[in-house]
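>>> Structure for this input, please:
(one chain, ligands or ions: 1)
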Amino acid sequence: MPTVKIVPHKKLWPYLGYCHKNGTIEISDALDSDEQNFVLDHELYHLDDKSKWWVWREIKANAYAAKREPVGFLKVVWRTINDYKRIIKYLSEKGQGR
Ligand SMILES: [Zn+2]
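Model prediction:
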């Protein structure tokens, strides 16, 4: 089983969750329990996903987690709409392969 850590929001930003190669999953402490459950399912999906293209990886992880945690998914969407700076930073990091 992966190790799950709740970490300070500022440490993870622009990410809400992060799955390290060693299996450790970090989740932002700014999220409520619905959002944390959604992000955890999203990151758990990444652990076993062999796809290479990050856009496809994110679509699949979001679809998987949204089906299991629809309320958390909608809250994360709402959070993202209200913090467009985070999504700009996120997209620029992903585009650079981080
Ligand atoms: Zn992801």
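
>>> so who does the residue nearest the centre of the chain touch?
Taking C-alpha atoms, centre = their mean, the centroid of the chain lies closest to Gly17, which sits 4.1 Å from it. Applying C-beta atoms under 8 Å, 6 or more residues apart in numbering to Gly17 gives the contacts 25-28, 39-40, 42-43. Quick note: C-beta positions are derived from backbone N, CA and C, even for glycine.

>>> so which of the residues you listed also contact the ion?
With C-beta under 5 Å from the ion as the criterion, the contacts of Gly17 include none near the ion.

>>> if we can go back for a sec, which residues does the residue nearest to the centre of the chain bridge with?
Ile27 (DSSP bridges).

>>> Against Lys85, how distant is it?
To Lys85, Gly17 is 18 Å away according to C-beta to C-beta, to the nearest Å.

>>> same deal with Lys60?
Distance of Lys60 to Lys85, given as C-beta to C-beta: 26 Å.

>>> Which residues of the chain lie near the ion?
58, 61.
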